[in-house]
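Asks: I need the structure of the sequence given here:
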Amino acid sequence: MLAKVKPQVFLDSLDIELKQQTSVPVTATLRDEKGSICRSAAYQSSPDKAFTLTGLNDLPYGVYSLELSNGDAQLHVRLIKRV
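Replies: Okay, the predicted model is just below:
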């Protein structure tokens with residue numbers, strides 16, 4: 001597993017904790033139920049191996065999928081945005 005995503009039910013941000021530090025940037029892509037990209041960002045690994053995907057409060061409630069990749073590893077997580 002590439003990372004741990006907290007929480008599975010979110011309001012306005014997602015905390016992502018990498019399992020190990022990597023020299024390759026981690027790409028985070030948040031998609032809605034239809035597969036459209038809602039947010040996309042690349043993060044360089046920091047010493048604490050964590051980053052936060054913010055600014056999600058304007059998204060409508062529903063089911064989303066978060067795709068994390070760093071070149072050789074990928075992770076897909078199903079998330080729920082609540083009101």
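Asks: Around Asn70, count how many other residues there are.
Replies: Counted by other Cβ atoms under 10 Å, the residues lying close to Asn70 total 20. Where C-beta positions appear, they are placed from N, C-alpha and C, glycine not excepted.
Asks: what sits against it?
Replies: Shown in contact with Asn70 (Cβ atoms under 8 Å, 6 or more residues apart in numbering): Leu2, Thr22, Val24, Pro25, Val26, Thr27.
Asks: Relative to Arg82, how far out is the last one?
Replies: This means Thr27. 25 Å (Cβ to Cβ, to the nearest Å).
Asks: more crowded one of those two?
Replies: More crowded of Thr27 and Arg82, by other Cβ under 10 Å: Thr27, with 15 against 9.
Asks: Can you verify my assumption that that one contacts Ala42?
Replies: Yes - using Cβ atoms under 8 Å, Thr27 makes contact with Ala42 at a distance of 5.0 Å.
Asks: quick one: buried residues of the lowest-mean-pLDDT helix or strand in the chain?
Replies: Ranked by mean pLDDT, DSSP states H and E, the weakest helix or strand in the chain is strand 3-6, scoring a mean of 87. Within strand 3-6, the residues that count as buried by 16 or more other Cβ atoms under 10 Å are Ala3, Val5.
Asks: ok, now stretch 21-37?
Replies: For stretch 21-37, by 16+ other Cβ under 10 Å, it's Thr22, Val26, Ala28, Thr29, Leu30, Arg31.
Asks: Convert stretch 30-42 to PDB, retaining C-alpha atoms only.
Replies: Below are the C-alpha coordinates for stretch 30-42, written out as PDB (Å, rounded to 0.1, in the frame of the first residue of the first chain):
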ATOM      1  CA  LEU A  30      -9.900  13.100  -7.000                       C
ATOM      2  CA  ARG A  31     -12.600  12.000  -9.300                       C
ATOM      3  CA  ASP A  32     -16.400  12.200  -8.900                       C
ATOM      4  CA  GLU A  33     -18.800   9.200  -9.600                       C
ATOM      5  CA  LYS A  34     -18.800  10.000 -13.300                       C
ATOM      6  CA  GLY A  35     -15.000   9.800 -13.500                       C
ATOM      7  CA  SER A  36     -14.500  13.600 -14.000                       C
ATOM      8  CA  ILE A  37     -11.400  15.000 -12.400                       C
ATOM      9  CA  CYS A  38     -12.400  17.400  -9.500                       C
ATOM     10  CA  ARG A  39      -8.900  18.000  -8.100                       C
ATOM     11  CA  SER A  40      -5.400  17.000  -9.100                       C
ATOM     12  CA  ALA A  41      -2.200  17.900  -7.500                       C
ATOM     13  CA  ALA A  42       1.400  16.700  -7.200                       C
END
